[in-house]
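J.: What follows is a predicted structure for the sequence shown.
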Amino acid sequence: MLLEGFSGIYPAAVSPRDATGAFSVAAFEKLMDRLYGAGVQGVYVCGNTGEGYLMSTAERKLAAEVAVAASADRGKVVVHVGAPAERDAVELAEHAGKVGADGISSLPPYVQRYCFEDVLAYYTHLAQAGGLPLFVYYIPVVTHQEFSLEEVNRLLSIEGVAGLKFTNHNLYLMEGILKGPHRPHVFNGHDEVMLAGLVMGAQGGIGTFYNVMPWHFVGIYEAVGENDLAAGRKLQGEVNQIIRIVLSYGGHAGIREILRAQGLECGDPVPPTRPLNKEMKARFLGEIETADVGIPGR
């Protein structure tokens, strides 16, 4: 079902760390200000980009609370509540509802090889727990499990499920989901095909590189709305230059280095991900600087 106010650009926010490795409220608030200043419509917190699975439950609850407070009168908050243990995911979903989040989302359980019926039961329990619209998450590159169109439609038939984050290059499947019986709200997931996802019908996007290039993604969204595909292709091409560089060095570490270069200190990734060493950092930032778009926002 289509939801009022959920269309647009939703950065999958980085979860900043302080010098001790703890979640940094001050840096997170600065990041929220920066993102909303760029014109985004909301934020997605504690997902893969936010390293939610590597945060304590207390830290994840704090991040949700800070995001809700920072988004007042500015945008919506979707909280990723996925956890290896279903009981923890349910607890986080209940908390999101209590603190005023606008929606919840979750990766399907994937630590073990769960069958589809397990996944269906998991999402059913989450939908009941939070009292908020639930966006299921389709990302085979992480879960190593693909769903058929029939299976996706079964997930969308759960009461309380509003749509999904679709992180897959099979936009033919996305189009089938959009035109299916549930007419769901779909967020495009892969940043590198944001333009294509919107053209195929996605109502918005959730992504990692929105942290460092929010203006580009807002621009792509607006270009599609104005039917200016030339402008959209230009912006997508610039985004993809940066994506290719970052992925060659490691995603989480690279994103944090760009944020640091942009004047927003978000600390290092959560171990076991390691920050770039001195040599790699210099080489990485040199490549970013010499890209046609330079360091975005610097």
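T.: On my side now, so go ahead.

J.: Show me which helix runs longest in this protein.
T.: helix 229-249 (DSSP state H).

J.: Can you show me the CA trace of that one as PDB?
T.: What follows is helix 229-249, C-alpha atoms only, in PDB (Å, rounded to 0.1, in the frame of the first residue of the first chain):
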ATOM      1  CA  LEU A 229      16.500  12.200 -17.500                       C
ATOM      2  CA  ALA A 230      19.600  13.900 -18.900                       C
ATOM      3  CA  ALA A 231      20.100  15.600 -15.600                       C
ATOM      4  CA  GLY A 232      19.400  12.400 -13.700                       C
ATOM      5  CA  ARG A 233      22.000  10.500 -15.800                       C
ATOM      6  CA  LYS A 234      24.600  13.100 -15.200                       C
ATOM      7  CA  LEU A 235      24.100  13.000 -11.400                       C
ATOM      8  CA  GLN A 236      24.000   9.200 -11.400                       C
ATOM      9  CA  GLY A 237      27.200   9.000 -13.300                       C
ATOM     10  CA  GLU A 238      28.900  11.200 -10.800                       C
ATOM     11  CA  VAL A 239      27.600   9.100  -7.900                       C
ATOM     12  CA  ASN A 240      28.900   6.000  -9.600                       C
ATOM     13  CA  GLN A 241      32.400   7.400 -10.000                       C
ATOM     14  CA  ILE A 242      32.600   7.700  -6.200                       C
ATOM     15  CA  ILE A 243      30.900   4.400  -5.600                       C
ATOM     16  CA  ARG A 244      33.500   2.600  -7.700                       C
ATOM     17  CA  ILE A 245      36.400   4.200  -5.800                       C
ATOM     18  CA  VAL A 246      34.900   3.500  -2.400                       C
ATOM     19  CA  LEU A 247      34.100  -0.100  -3.100                       C
ATOM     20  CA  SER A 248      37.600  -0.800  -4.200                       C
ATOM     21  CA  TYR A 249      38.800   0.200  -0.700                       C
END
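
J.: list the helices and strands that helix packs on?
T.: Applying 3 or more CB pairs under 8 Å, 6 or more residues apart in numbering; DSSP states H and E, one finds that helix 229-249 contacts helix 194-199, helix 214-225, helix 251-261, helix 278-290. (Glycine included, C-beta is placed from N, CA and C.)

J.: next structured bit after the first one?
T.: If I follow you right, that is helix 194-199. strand 204-207 (DSSP states H and E).

J.: how about the helices in the stretch 1-150 of the chain?
T.: 25-37, 57-70, 86-99, 116-130, 140-143, 149-156 (DSSP state H, counting those that start in this stretch).

J.: Glu175: which of these is closest?
T.: helix 149-156 (10.2 Å; CB to CB).

J.: With just CA atoms, put that closest one into CSV.
T.: Extracted in CSV, the C-alpha atoms of helix 149-156 (Å, rounded to 0.1, in the frame of the first residue of the first chain):
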residue,chain,number,x,y,z
LEU,A,149,7.6,-12.9,-7.0
GLU,A,150,5.0,-15.2,-5.3
GLU,A,151,7.0,-15.3,-2.1
VAL,A,152,7.5,-11.5,-2.0
ASN,A,153,3.7,-11.1,-2.5
ARG,A,154,3.2,-13.4,0.5
LEU,A,155,5.4,-11.2,2.6
LEU,A,156,3.5,-8.1,1.4
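
J.: can you list contacts of it?
T.: 116, 119-120, 123, 136, 138, 147, 161, 163-164, 173, 176-177, 180-182, 184 (CB atoms under 8 Å, 6 or more residues apart in numbering).

J.: In that helix, which residues are buried?
T.: Within helix 149-156, the residues that qualify as buried are 152-156, counting by 16 or more other CB atoms under 10 Å.

J.: and the angle from the helix or strand just after that helix to helix 149-156?
T.: Moving toward the C-terminus from helix 149-156, the next helix or strand (DSSP H and E) is strand 161-166. With axes from the mean of the first three to the mean of the last three CA atoms, to 10 degrees defining the directions, strand 161-166 sits at 130 degrees from helix 149-156.

J.: who's in contact with strand 161-166?
T.: 1, 3, 6, 44, 103, 105, 123, 127, 133-139, 152, 155-156, 173-174, 177, 184-189, 197, 202, 206.

J.: For Phe6, give me its contacts.
T.: 41-42, 76, 102-103, 133, 162-163, 185, 203-204.

J.: And it, how close does it get to Leu132?
T.: To Leu132, Phe6 is 12 Å away according to CB to CB, to the nearest Å.

J.: Spit out the residues that contact those two alike.
T.: In contact with both Phe6 and Leu132: 102-103, using CB under 8 Å, 6+ apart.

J.: Any stretches of the stretch 151-298 of the chain with poor pLDDT?
T.: 294-298 (pLDDT under 70).
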